[in-house]
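> Let's see this in three dimensions:
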Amino acid sequence: MTASENYTPPSVWTWDKQNGGKFASTNRPVAGPTHEKNLPLGHHPLQLYSLGTPNGVKVTIMLEELLALGHEGAEYDAWLIHIGDGDQFGSGFTAINPNSKIPALVDQSGGTPLPVFESGSILLYLAEKFAAFLPRDVPSRTACLNWLFWQVGSAPYLGGGFGHFYAYAPEKIEYAINRFAMETKRQLDVLDRQLARHEYIAGDTYTIADMAIFPWYGGLVEGWLYNDAAQFLSVQEYSHVQAWSARLLERPAVQRGRMVNRLSGPLSSQLRERHDSSDFELRTQDKLPKDSAI
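Presented below is the predicted three-dimensional model:
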């Protein structure tokens, strides 16, 4: 690999898999399927195809919160998409999400299957479908959507920017790490100032804005993301974000949502596929045969 300080961009860029680092097998400069693979289909109204990354966890938290409120129409099957194996490039998945990113949802409750992709879009769709976790009055609704779209626009700096260069890039580039660490700390400060005045992100009501922001920024201050990033970024400085994260973690639906489609952590916290509410008690990875495929 060419040392970054000696790199001069060519006049025309070309793709070289060797430049992909850890994710060379899953990243490419074109769209579309790489292979034929149908998606599995369960019997519940909602079919989720995902992985327990921050973007995936947003949606499973929302679904579990809806079920906790008694919305039977929010019952769902959660199918695991192994992005390391390229499942997101299968023909079935690209048919419902041309962008080949998790999560993707199919609502089959209306007769004609309706695909929904992009985590923010899924949260908004479910909130409107079930009239839950999205305020109805215009000022509160606008505040909620302000913060939802803030997360959608800000998280790439945390994940694709800071997280990539700090934890995953094949070489440590000081300028890139400094640039994205600065932006990540600025974003944490934005949240901390907001949460100093409000119990929840968009005000004093728990909404989809909290569900969107928690897996990323709550995960960061809890020390779940990017190895020792919490120490590196001095997350103890953001006491209001930490208190908010702790409040959300007390919610049973948040605890369940974090387990679904999860591939890391204690086996008792991994529910790699979810097809029934009883799965949380009966189908976590510690209760399955050791050679189980999921």
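> the helices in the stretch 1-150 of the chain, which residues?
With DSSP state H, counting those that start in this stretch as the criterion, the stretch 1-150 of the chain has helices at 54-68, 91-96, 119-130, 138-156.
> Tell me the pLDDT of residue 24.
Residue 24 is assigned a pLDDT of 65 by the prediction.
> export the helices of the stretch 1-150 of the chain to TSV and tack on distance to residue 279 and mean neighbour count?
For the C-beta atoms, the positions are set from N, CA and C on the backbone; glycine is no exception. As requested, the helices of the stretch 1-150 of the chain are exported to TSV (distance: least, C-beta to C-beta, whole Å; neighbours: other C-beta atoms under 10 Å):
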stretch	distance to residue 279	mean neighbour count
helix 54-68	12	24
helix 91-96	22	17
helix 119-130	20	20
helix 138-156	28	17
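> for these, which one sits closest to residue 187?
Taking C-beta to C-beta, helix 138-156 is the member of the helices of the stretch 1-150 of the chain nearest to residue 187, at 5.3 Å.
> and the next helix or strand along the chain from the closest one, what other elements does it pack with?
Downstream of helix 138-156, the next assigned helix or strand under DSSP states H and E is helix 174-195. Packing contacts for helix 174-195, counted by 3 or more C-beta pairs under 8 Å, 6 or more residues apart in numbering; DSSP states H and E, involve helix 138-156, helix 219-221, helix 239-249.
> try 10 Å this time
With contacts taken as 3 or more C-beta pairs under 10 Å, 6 or more residues apart in numbering; DSSP states H and E, helix 174-195 sits against helix 138-156, helix 208-213, helix 219-221, helix 229-232, helix 239-249.
> Would you mind listing the buried residues in the fourth one?
I take that to be helix 229-232. By neighbour count on 16 or more other C-beta atoms under 10 Å, the buried set for helix 229-232 is 229-230.
> and it, what's its mean pLDDT?
In this model, helix 229-232 has an average pLDDT of 98.
> Now do it: which elements does it pack against?
helix 174-195, helix 219-221.
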